[in-house]
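Student: Using only what follows, build the 3D model:
(2 chains)
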Amino acid sequence: MSGDKTYCVALFDSVSHVMKAEKLLKEADIPYKIIPVPRSISADCGVCVRFLPEQKETVMEALRLHIHVREIREL
Amino acid sequence: MKPVYFDNAATSWPKPPEMMEAMVRFNESIGANPGRSGHRLSIEAARVVYEARECAARIIGSPDPLSISFAKNATEAINCVLLGLLKAGDHVVTSGMEHNSVMRPLRFLERQGVGLSIAPCSPAGVLDPDDAMRAVKGNTKVIVVTHASNVTGTLLPLDDLARIARERGIVFVVDASQTAGSIPLDVVRTGIDVLCFTGHKSLLGPQGTGGFYIRKGLEESVSPLMRGGTGSASEFEEQPDFLPDRFESGTPNAIGLAGLAAGIRFVLGLGVEAIREKEAHLTRLFLEGMAGMPGTRLYGPQNVRQRTAVVSFNIVGMSPSEVAFELDEQFAVLSRPGLHCAPAAHRTIGTFPEGTVRFSFGYSTTEDEVRRGIEAVAHISAAYHKRTL
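Tutor: Here you go, the predicted model:
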């Protein structure tokens, strides 16, 4: 689906955390998409937040103080 | 005859139409399991549940929605917290006005070797903070009290109890079943470590919703009541330790939480302060109307500032269930007679084992309804006492 394009994903403890992250990203006007956690990263059955690599700093800035980000990975 | 519903302390009714609309909307256009699958409807369901978390956090003054763990009601929340915190050798202090949702878990824990002290309350249900302080021991781990009695409406002194707990490193647990949504709450400013709430009373949500707030970091000291699927950390066979998943196993009542969010939004729209003022006014109206009524006895504090919109009374000579039956039969006034699941509170106010008749008003109760209630009690009392004279 994503072709050659690279993305970043932010991983969180649970879906409740993803929902909180979504609110923060919306407030900061940062484009994102909630997707199932890719199998290559984890066997987890939950969801994570996908965004463009060039926005990594902005995303971290929006989330850092408010929520525990488990990991950011490039796909 | 249109019924007059005076049983809001058992469950509020009528609920706002917004609550039912939110539940219908969830069922018709979302319906999926929140946070379990990752498709759009599952994510939308998770959004609904998160909104309920935001609403619950906001109405009790918590800055973080993730400090809220949902349960099926306040009883489940209280059990989770007390059974998860207290172990043999610990000591716990409670009040003489508790509901069985607190007393029964505590009596169970007492048999497991947890020390239990009950701070006595006055016949009006008032707790003197000094009596609570005297009950504290060196190994007291928890002070747990109801915010307001479900029998007399008496408010307990949370600020003083929170200070006593804080100064001694004791965990302060509050059962806000009777107050969340009808009395302003601020867990941070008051210094409450755990606040248990139910969704179907003054928060105007559906039955089957509730939960608790827990101060960040304290969750590590509370062993969960249940373990199971959370949709998170699925590669591990151990329960996750983070909030809220630590305490939320199994598919949640998402449709109920959709309704709870709408109920709380409705309450926030009216304003908790405004609801409090309205209910205090109705309570004053009732107490004034009942004052000096021949053959009746009123319980609880005189001052409406010291109580919620819950009132208890008896007609001397009649059993509470007889009175409640006559109120319903002749006047369609719906009350709750008996012990109200709170034998300890009835012992304190001197009405055990017969109990009382309870009226509990709500956000939609009118002055006319309160007057109808007073007239109905007056009529039944006069008829009974005429017969017995």
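Student: what residues does the stretch 101-250 of chain B put near chain A?
Tutor: For the stretch 101-250 of chain B, the residues in contact with chain A (Cβ under 8 Å from any Cβ of the partner chain) are B:230, B:231, B:232, B:233, B:234, B:235, B:240, B:242, B:244, B:245. Bear in mind the C-beta positions are built from the backbone N, C-alpha and C, glycine included.
Student: List phi and psi for the third one.
Tutor: Backbone dihedrals for residue B:232, given as degrees, to the nearest 10, come out at phi -130, psi 160.
Student: Quick check: closest non-adjacent residue to it.
Tutor: Leaving out its chain neighbours, the residue that sits closest to residue B:232 by Cβ to Cβ, 6 or more residues apart in numbering or on different chains is residue A:14, at 3.7 Å.
Student: tell me the phi and psi of the residue nearest to the spatial centre of chain B?
Tutor: The centre of chain B sits closest to residue B:177, judged by Cα atoms, centre = their mean, with a distance of 0.8 Å. Residue B:177 adopts backbone torsions of phi -50, psi -40, taken as degrees, to the nearest 10.
Student: Please name the bridge partners of the closest residue to residue B:13 other than its chain neighbours.
Tutor: Nearest residue to residue B:13, sequence neighbours excluded (Cβ to Cβ, 6+ apart): residue B:5, at 5.3 Å. Applying DSSP bridges to residue B:5 gives these bridge partners: residue B:334.
Student: buried subset of the residues of the stretch 101-250 of chain B next to chain A?
Tutor: Among those, those classed as buried by 16 or more other Cβ atoms under 10 Å in any protein chain shown are B:230, B:231, B:232, B:233, B:234, B:240, B:242, B:244, B:245.
Student: which ones are touching the residue nearest to the centre of chain B?
Tutor: Contacts here follow Cβ atoms under 8 Å, 6 or more residues apart in numbering or on different chains; on that basis residue B:177 touches B:74, B:99, B:101, B:146, B:147, B:150, B:196, B:197, B:198, B:201.
Student: ok, the residues you listed vs chain A, which is closest?
Tutor: Comparing the contacts of residue B:177 against chain A with Cβ to the nearest Cβ places residue B:197 closest, at 17.7 Å.
Student: Contact partners for the closest residue to the closest one other than its chain neighbours?
Tutor: Using Cβ to Cβ, 6+ apart and skipping the chain neighbours, the partner closest in space to residue B:197 is residue B:180 (4.1 Å). Contacts here follow Cβ under 8 Å, 6+ apart; on that basis residue B:180 touches B:59, B:60, B:195, B:197, B:198, B:201, B:202, B:203.
Student: go again using 7 Å as the cut-off
Tutor: B:59, B:60, B:197, B:202, B:203 (Cβ atoms under 7 Å, 6 or more residues apart in numbering or on different chains).
Student: Now, those that are in helices?
Tutor: Among the contacts of residue B:180, the members found in helices (DSSP state H) are B:59, B:60.
Student: Doesn't residue A:48 belong to a strand?
Tutor: Yes. Residue A:48 forms part of a strand when assessed by DSSP: H, G, I helix; E, B strand; the rest coil.
Student: Could you check how far it is from residue A:8?
Tutor: 10 Å (Cβ to Cβ, to the nearest Å).
Student: Have a look at chain A and report its longest helix.
Tutor: helix A:15-27.
Student: Kindly export that helix (C-alpha atoms) in CSV.
Tutor: C-alpha atoms of helix A:15-27 as CSV (Å, rounded to 0.1, in the frame of the first residue of the first chain):
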residue,chain,number,x,y,z
VAL,A,15,-4.9,2.0,22.4
SER,A,16,-5.9,4.5,25.1
HIS,A,17,-2.5,6.1,24.7
VAL,A,18,-2.9,6.2,20.9
MET,A,19,-6.2,8.0,21.4
LYS,A,20,-4.5,10.6,23.6
ALA,A,21,-1.7,11.0,21.1
GLU,A,22,-4.2,11.5,18.3
LYS,A,23,-5.8,14.4,20.2
LEU,A,24,-2.4,16.0,20.7
LEU,A,25,-1.4,15.6,17.1
LYS,A,26,-4.8,17.0,16.0
GLU,A,27,-4.3,20.0,18.2
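Student: what's the spacing between the next helix or strand after it and its chain's center?
Tutor: For helix A:15-27, the succeeding helix or strand toward the C-terminus, using DSSP states H and E, is strand A:33-36. Chain-centre distance of strand A:33-36: 8 Å, with Cα atoms, centre = their mean, to the nearest Å.
Student: Any residue of strand A:33-36 touching chain B?
Tutor: Yes. Part of strand A:33-36 sits near chain B under the criterion Cβ under 7 Å from any Cβ of the partner chain, namely A:34, A:35, A:36.
Student: contacting residues around the residue nearest to residue B:3 when sequence neighbours are not counted?
Tutor: Closest residue in space to residue B:3, ignoring its immediate chain neighbours: residue B:332 at 4.5 Å, by Cβ to Cβ, 6+ apart. Counting by Cβ under 7 Å, 6+ apart, residue B:332 touches B:1, B:2, B:3, B:4.
Student: okay, the last one: pLDDT?
Tutor: Predicted confidence (pLDDT) at residue B:4: the value is 98.
Student: okay, now the single nearest residue of the stretch 51-200 of chain B relative to chain A: neighbour count?
Tutor: Nearest to chain A, among the residues of the stretch 51-200 of chain B, is residue B:66, at 5.9 Å (Cβ to the nearest Cβ). With neighbours defined by other Cβ atoms under 10 Å in any protein chain shown, the count for residue B:66 comes to 24.
Student: again, but for residue B:295
Tutor: Every residue meeting other Cβ under 10 Å relative to residue B:295 is counted, giving 18.
Student: try residue A:30
Tutor: 17.
Student: surely it meets residue A:62?
Tutor: Yes. With contacts counted by Cβ atoms under 7 Å, residue A:30 reaches residue A:62, the gap being 6.2 Å.
Student: list the contacts for residue B:54?
Tutor: With the criterion set at Cβ under 7 Å, 6+ apart, residue B:54 makes contact with residue B:65.
Student: what angle separates the strand or helix carrying it from helix A:15-27?
Tutor: Using DSSP H and E, residue B:54 sits in helix B:40-60. Here the directions of helix B:40-60 and helix A:15-27 differ by 80 degrees (axes from the mean of the first three to the mean of the last three Cα atoms, to 10 degrees).
Student: Whichever helix or strand comes after helix B:40-60 and chain A, are they touching?
Tutor: Sequence order places strand B:68-71 as the next helix or strand after helix B:40-60, per DSSP H and E. No. Strand B:68-71 stays clear of chain A (Cβ under 7 Å from any Cβ), getting no nearer than 9.3 Å.
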